[in-house]
Each structure stands twice: as structure tokens, then as C-alpha cells.
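Student: take a look and give me a structure for this.
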Amino acid sequence: MTATTDTTTTTGIPDLYPTRGAAEVLTPRQDPVVWGAPDAPGPIVPADLLSFERDGFLAIDQLITDDEVTVYRNELNRLVNDPDIRADERSIVEPKSKEIRSVFEVHRISEVFAKLVSDERVVGRARQILGSDVYVHQSRINVKPGFGASGFYWHSDFETWHAEDGLPRMRTVSVSIALTENYDTNGGLMIMPGSHKTFLGCAGETPKDNYKKSLQMQDAGTPSDEALTRFATEHGIKLFTGRAGSATWFDCNCMHGSGDNITPFPRSNVFIVFNSVENTAVEPFAAPVRRPEFIGARDFTPVQ
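Tutor: Residues are numbered from 1 along each chain as shown. Okay, the predicted model is just below:
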């Protein structure tokens, strides 16, 4: 692995985070982690903002109530059992079980999840971290039933969003809201604390329509074993557990993943990605074509 400096794309926009080249490269983060002022009003207290800046994540024991969990879990079950939703291109099916793994753009498909996106407990935290109005770059429900649902291999979301969606800067934040109990055994989210301070540019060109494969099994944009060993040795690994209704906010460049779920206990969550309206997508930095809009939005309307 080598260090790198920024280059300029054919559109004249600086590429601060080169990736998908002949070799892996490391680039120090060029952007703030918390863009808003430390004392800006919002749901996150200053001490937690400092923790987010340091670690790249913030865990919340209860973001939504038990009654709300029931509403959202019922809506998730309705969607994954709807034949029309299953036939929609926004649904991703497990290769082995043939069960739905994810449903994208749920804030457009479902009025129930649309209300969650605009809930001040949710969007207010995104505005506070990113220091601006925000729009939804991506939303989805993830379903990881027991007895063999596959995990998500180690990756940085920003690496893909930069390479394939054209997000210029690290001004994007995600929230994963648990709709089932997260045990230490049922394929929970793992993050390498502090990994968000270094960008790992992956090796290898991006195939056309890579998303069709990568949403089932990651290939392009996957770090090497050597790089992951280096990151894990330096930063460690944090596994998130918690009751239904808990949530984890994490920076777009965190190295993260999750294991398979071979327990009888399902793990499902709703996942929302907020991007700053001052960081809207341009053409991809390292892919031949854009991904579909249901994966990487091109509607930059602020969440109200």
C-alpha cells in the first residue's frame, strides 16, 4: 500500500480520494468529521459529538420507543412479504435462500418509513453532524433471518459512494436503527474505531453494472486481507449489541461489516444515509456509469 495525493477528474472536480486503481492506496482524511459547530443546537450533546469525531460512531440505547419498533417491524414484514415488492428491482434477494435481503428506497415505497426519515430525532442528528440541510442519499431495510443469512464483508461505504455514485467529499452519515434485538451472536454491525480518519483506496477497476453483484456479495471495492489486518491491529473492532429501538450513527468512511447469522434469532434494521446538500453527487470518480437512483439518489431535495 502507498500514500497518494489528490488528482483532478475530467470534469475539473478534484478527486481527493483516489481508488479502484492498480494498487491499494492510503489517503489521510481531507474533510472534517463533524461539520457543525460543537455547540450547535440539536439532539446530540457536545460530549457525544466529540466522541463521534474521535471514534467515527455514536451508539444510542433507545432512539425509538417499543411501540414504534412494533410499527416499523410490522411494516418491514409487510414489505418483504409483498409479491409486488419482491418483483421490484429495489429488492435484493439472497443468492442461497432466495429470501429478500434488502429493500432499497423504503422512504419512497413506504409512508411509514418516510415519516421516520423526517423525524427530528433522526434527521436532526444528521443535520447536526453534517452542519447543513441534508437529503437522503440511500435508504433501505436489511433483513437477516436466522439459520444462515449472509453478512456484509468489510468495506468503507464512502469508497463505493465516491467511486460509483460520485460523492465528492466525506460529508455523509448513516444511521442503523435496530428493529430486532442485536446479540453478539446474530451477525451484528462491527466497526473499526478511528478507521474513518484514513481512506483506503481499493485496487481493481469497477465492472459495468457492478451494483447487481455487489449488493449480494461485495467484490470491487473490497480491501485486501493485508489492509484489513493493518486496520484491525491499529484500531481494534467494536461489535454493537442492543435492544430493538437502539441505533448506531456512523461516519461514511468507517471500516465496517457484519457476519453471517447462523443463530435462530433474526436481525433486521432500517438503514438511512444522509448527505449534505452542499456535497451533492457528480459523475462517478471510478466507475464507467452511475448506479441507479434508488441506490445513489440524484434528487437532492432537503428533508423537511
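Student: residue ranges of the helices in the stretch 1-150 of the chain, please?
Tutor: Ranges of helices in the stretch 1-150 of the chain, per DSSP state H, counting those that start in this stretch, are 46-55, 66-80, 83-87, 106-109, 111-117, 120-130.
Student: typo on my end, the stretch 151-300 of the chain
Tutor: 157-160, 211-214, 225-235.
Student: surely Ser176 meets Gly188?
Tutor: No - counting by C-beta atoms under 8 Å, Ser176 does not reach Gly188; the two are 9.8 Å apart. In short, each C-beta sits where N, CA and C put it, glycine included.
Student: what bits of this structure have low per-residue confidence?
Tutor: 1-11, 211-219 (pLDDT under 70).
Student: just list whatever residues bridge to the closest residue to Tyr17 other than its chain neighbours.
Tutor: Once flanking residues are discounted, Tyr17 sits nearest to Phe199: 4.8 Å by C-beta to C-beta, 6 or more residues apart in numbering. Phe199 has these beta-bridge partners by DSSP bridges: Thr27.
Student: oh, and call the first residue 87 from now on, that's how I've got it
Tutor: Got it, the first residue is 87 from now on, which makes the last one we talked about Phe285.
Student: how deep is Phe285 tucked in, by neighbour count?
Tutor: By the criterion of other C-beta atoms under 10 Å, Phe285 has 24 neighbours.
Student: for it, list the residues it contacts.
Tutor: With contact set as C-beta atoms under 8 Å, 6 or more residues apart in numbering, Phe285 has these partners: Tyr103, Thr105, Leu112, Thr113, Pro114, Arg115, Ser242, Phe244, Glu245, Met256, Asn339.
Student: distance of it relative to Gly322?
Tutor: Distance, Phe285 to Gly322, by C-beta to C-beta, to the nearest Å: 19 Å.
Student: before we move on, what about Pro118?
Tutor: Taking C-beta to C-beta, one finds Pro118 at 23 Å from Gly322.
Student: now Val261
Tutor: Val261 is 22 Å from Gly322, where distance means C-beta to C-beta.
Student: more crowded one of the two?
Tutor: The neighbour count for Val261 versus Gly322, taken as other C-beta under 10 Å, is higher for Val261 (25 against 12).
Student: hmm, the more buried one is touching Cys338, no?
Tutor: No - in this structure Val261 lies outside contact range of Cys338 using C-beta under 8 Å: 11.6 Å.
Student: need the strands for the stretch 287-390 of the chain, in chain order.
Tutor: 324-325, 333-337, 341-344, 353-362 (DSSP state E, counting those that start in this stretch).
Student: apart from its neighbours in sequence, what residue is nearest Trp121?
Tutor: Gly217 (3.3 Å).
Student: list the contacts of the one you found.
Tutor: Val120, Trp121, Gly122, Ala123, Ala126, Ser362.
Student: likewise Gly343?
Tutor: Applying C-beta under 8 Å, 6+ apart, we find Gly343 in contact with Gly237, Phe238, Tyr239, Trp240, His241, Met276.
Student: would you confirm that the third one contacts Gly307?
Tutor: Going back to what we said before, that points to Tyr239. No - shown here, Tyr239 and Gly307 do not form a contact pair, counting by C-beta under 8 Å, at 9.8 Å.
Student: between those two, who's got more neighbours?
Tutor: Per other C-beta under 10 Å, whichever of Tyr239 and Gly307 has more neighbours is Gly307, with 26 against 16.
Student: any idea what the more buried one is bridged to?
Tutor: With DSSP bridges as the criterion, Gly307 is bridged to Asp305.
Student: distance check, it against Arg106.
Tutor: 7 Å.
Student: need the overlap of contacts for those two.
Tutor: Counting by C-beta under 8 Å, 6+ apart, the residues touching both Gly307 and Arg106 are Ala249, Cys288, Thr292.
Student: I'm done for today, thanks for sticking with me.
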